[in-house]
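Q: Following is a predicted model, sequence given first.
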Amino acid sequence: MDGTLFRAKGPKGAMERNLHPNMKIEIDSGEIRVVRPNDERQNRALHGLTRTLVSNMVHGVTEGFSKQLNIVGVGYRVELKGKDMVLQLGFSHPVPVKAPQGIEFEVDQKKNTIIVKGMDKEKVGQVAADIRSLRPPEPYKGKGVMYADERIIRKAGKAAIGAKS
């Protein structure tokens with residue numbers, strides 16, 4: 001801690017973040033404790049937020065974070081070009097995706113999966129969400145880019161709805 005600036009270093013790298021001045025960070029014998037000055041509503045909310053931010057920073061610099069995306073659809077595929085990716089998502093053109101600083105992509109072309117890795121949880125989640133937004137899964141055939149743990153609720157097509165004999 002340096003005033004309101006919290007720094008974390010680990011095998012994956014180093015991160016720093018300004019925390020709210022009301023929250024006090026105590027570091028003793030390898031344990032980090034977040035202390036709030038009183039039980040006011042704002043301080044209780046900041047307490048949980050600060051604790052989670054510090055925890056995510058420590059986890060990020062030691063182990064890192066990852067999100068897995070699956071690409072489903074005929075002709076939909078992904079390939080890695082250096083650190084960047086090129087996606088074929090049924091458009092008339094390929095869609096390039098540049099890797100932001102601190103983010104790595106892993107691609108399995110046989111399974112059409114992308115793994116977004118990094119030490120900043122917010123950035124990993126945002127990059128994964130940006131990739132998903134290129135072609136969100138649609139409810140009729142389930143085609144698109146989706147998270148690995150996402151479940152798409154399928155809709156019946158119009159042939160299944162008012163079929164008369």
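A: Sure, I can see it.
Q: okay, CA-based contacts and neighbour counts for the rest of this
A: Will do.
Q: mind listing the helices for the protein?
A: Listed from the start of the chain, the chain has helices (DSSP state H) covering 41-62, 121-134.
Q: Can you list the residue ranges for strands in the chain?
A: Ranges of strands in the chain, per DSSP state E, are 5-10, 13-18, 24-28, 31-35, 65-72, 77-81, 84-88, 95-97, 103-108, 113-118, 144-147.
Q: do you know which of those lies nearest A45?
A: Proximity of the strands of the chain to A45 was assessed by C-alpha to C-alpha; the nearest stretch is strand 31-35, lying at 12.1 Å.
Q: tell me what the least confident helix or strand in the chain by mean pLDDT is packed against?
A: Here the helix or strand of the chain ranked lowest by mean pLDDT, DSSP states H and E is strand 24-28, holding a mean of 90. For strand 24-28, the contact count by 3 or more C-alpha pairs under 8 Å, 6 or more residues apart in numbering; DSSP states H and E identifies strand 31-35 as packing neighbours.
Q: returning to what we had before: may I have the strands that pair with the least confident helix or strand of the chain, each with its orientation?
A: Based on DSSP bridges, the strands next to strand 24-28 in the sheet, each with its direction, are strand 31-35 (antiparallel).
Q: The strand it pairs with relative to helix 41-62, how many degrees between them?
A: If you take axes from the mean of the first three to the mean of the last three C-alpha atoms, to 10 degrees, strand 31-35 sits at 160 degrees to helix 41-62.
Q: Pull out the buried positions in stretch 29-41.
A: With burial defined by 16 or more other C-alpha atoms under 10 Å, the residues of stretch 29-41 counted as buried are V34, V35, R36.
Q: and if you look at stretch 120-138?
A: 120-121, 123-125, 127-129, 131-132, 135-137.
Q: what do you get for stretch 68-87?
A: Within stretch 68-87, the residues that qualify as buried are 68-73, 76-80, 85, 87, counting by 16+ other C-alpha under 10 Å.
Q: For these, give me JSON lines that also has distance to T62 and pLDDT.
A: Below are these laid out as JSON lines (distance: C-alpha to C-alpha, whole Å; pLDDT from 0 to 100):
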{"residue": "Q68", "distance to T62": "19", "pLDDT": "96"}
{"residue": "L69", "distance to T62": "23", "pLDDT": "96"}
{"residue": "N70", "distance to T62": "26", "pLDDT": "95"}
{"residue": "I71", "distance to T62": "29", "pLDDT": "95"}
{"residue": "V72", "distance to T62": "33", "pLDDT": "93"}
{"residue": "G73", "distance to T62": "36", "pLDDT": "92"}
{"residue": "Y76", "distance to T62": "34", "pLDDT": "94"}
{"residue": "R77", "distance to T62": "32", "pLDDT": "92"}
{"residue": "V78", "distance to T62": "29", "pLDDT": "94"}
{"residue": "E79", "distance to T62": "29", "pLDDT": "93"}
{"residue": "L80", "distance to T62": "26", "pLDDT": "93"}
{"residue": "M85", "distance to T62": "26", "pLDDT": "94"}
{"residue": "L87", "distance to T62": "31", "pLDDT": "94"}
